[in-house]
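Engineer: model the following, please.
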Amino acid sequence: MAEVVIVRDQEEAGALVAGAIVDLITRKPDAVLGLATGSTPLATYRALANRIAADGVDVRGVRGFALDEYVGLPAGHPESYRAVITREVVEPLGLTPELIRVPNGDPDGIEHAGADYEAAITAAGGVDIQILGIGRTGHIGFNEPGSSLASLTRVKTLTEPTRIDNARFFDSIDQVPMHCMTQGIGTILRARHLTLLAFGEAKADAIAAAVEGPVSANQPGSAIQLHPHTTVLVDEAAASKLQNIDYYRYAWANKPVWQGI
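Structural biologist: Next comes the predicted model:
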């Protein structure tokens, strides 16, 4: 069972995840982070930047792997995930740019880009802590419904709801790429700690399916149930359709402090 932590807001969730990451880096200066994009993890990155600055954490050796990248956006496009990760993570946290990898979405060489990314993650020793969001369709990364639970990094076709959700970052939906390169569910499950963040009523169905529903390729987020160390951090709205919500509150309230998340 995933650990479910019900928080007041995104800032509380961000502080908890940032604390876990700082503890990790303190123990392992060359820690490997799994980096998600979108609006969901922004509070976590802000909290982490503040902790790094306040505690004087040396992050020069920290490595990172982004979850996904659009296929076909020109180099330097402001909404490419390379640009987003640089803008929202690398620069605010003071990470070493050369140590942060993003899948290659260039159509030239796309046939082996997934295998290349898998090899790079393996060579780094695997991801220590993976930050995740979840889409309205239940997708994690860009693993849309129907994705194999054993899938590895590969090209995926985005669903219309996902493209509509992401259109807010572009001038129109027509500019949202149809394809992406994404870590697979099997890739994500190899990370040593998964932290899944979700906020707002629009995510309530996806969270209920991921945490308490049957494990199914039709609900990619449900794969987190197969992982031995998953922390799900949700606000009241996103938690509103969980059946075992009282137990989750009880378990968190009585958890030994030394265990963290």
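Engineer: rest of the way, CA atoms for contacts and neighbours
Structural biologist: Noted.
Engineer: for this structure, name the helix or strand with the lowest mean pLDDT.
Structural biologist: Ranked by mean pLDDT, DSSP states H and E, the weakest helix or strand in the chain is helix 160-166, scoring a mean of 88.
Engineer: quick one: buried residues of that helix?
Structural biologist: 162, 163, 166 (16 or more other C-alpha atoms under 10 Å).
Engineer: you'd agree the first one is up against residue 134?
Structural biologist: To tie it back to what came earlier, the one meant is residue 162. No - Residue 162 is beyond contact range of residue 134, at 10.9 Å (criterion: C-alpha atoms under 8 Å).
Engineer: on that earlier part again, past the least confident helix or strand of the chain, which element shows up next along the chain?
Structural biologist: Going down the chain from helix 160-166, the next helix or strand is strand 179-182, by DSSP states H and E.
Engineer: so for the helix or strand following that next one, mean pLDDT?
Structural biologist: Once the chain leaves strand 179-182, the next helix or strand it forms, by DSSP H and E, is helix 185-189. Averaged over helix 185-189, pLDDT sits at 98.
Engineer: other residues contacting helix 185-189?
Structural biologist: 118, 130, 140, 143, 147-153, 220, 223-224, 226-227 (C-alpha atoms under 8 Å, 6 or more residues apart in numbering).
Engineer: apply 7 Å and report the result again.
Structural biologist: With contacts defined as C-alpha atoms under 7 Å, 6 or more residues apart in numbering, helix 185-189 is touched by 143, 149, 150, 151, 152, 153, 227.
Engineer: ditto for stretch 243-250
Structural biologist: 4, 5, 6.
Engineer: ok, now which ones touch the second one?
Structural biologist: Listed by C-alpha under 7 Å, 6+ apart, the contact partners of residue 5 are 232, 233, 234, 248, 252.
Engineer: outside of the helix or strand harbouring residue 16, which residues touch it?
Structural biologist: In this structure, residue 16 sits in helix 10-27 according to DSSP H and E. Helix 10-27 is contacted by residues 7, 31, 43, 44, 47, 48, 233, 261 when judged by C-alpha under 7 Å, 6+ apart.
Engineer: note down every partner strand of whichever helix or strand comes after that helix and its orientation.
Structural biologist: Following helix 10-27 in sequence order, the next helix or strand is strand 32-35 (DSSP H and E). Here strand 32-35 is paired, per DSSP bridges, with strand 63-66 (parallel), strand 129-132 (parallel).
Engineer: skip ahead from strand 32-35 and say which helix or strand is next.
Structural biologist: helix 42-55.
Engineer: quick one: that next one to helix 10-27, angle?
Structural biologist: With axes from the mean of the first three to the mean of the last three C-alpha atoms, to 10 degrees applied, the angle from helix 42-55 to helix 10-27 works out at 50 degrees.
Engineer: show me what helix 42-55 is packed against.
Structural biologist: helix 10-27 (3 or more C-alpha pairs under 7 Å, 6 or more residues apart in numbering; DSSP states H and E).
Engineer: repeat that for 8 Å
Structural biologist: Packed against helix 42-55 by the contact rule (3 or more C-alpha pairs under 8 Å, 6 or more residues apart in numbering; DSSP states H and E) you find helix 10-27, helix 91-93.
Engineer: could I get these as TSV with distance to residue 114?
Structural biologist: Below are those laid out as TSV (distance: least, C-alpha to C-alpha, whole Å):
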stretch	distance to residue 114
helix 10-27	27
helix 91-93	26
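Engineer: how about the ones you listed, which one is nearest residue 62?
Structural biologist: Proximity to residue 62, assessed across those by C-alpha to C-alpha, is greatest for helix 10-27 (7.4 Å).
Engineer: can you list the neighbours in contact with stretch 109-128?
Structural biologist: Counting by C-alpha under 8 Å, 6+ apart, 31-34, 64-65, 103-105, 152-155, 181, 183, 187, 190-193 sit against stretch 109-128.
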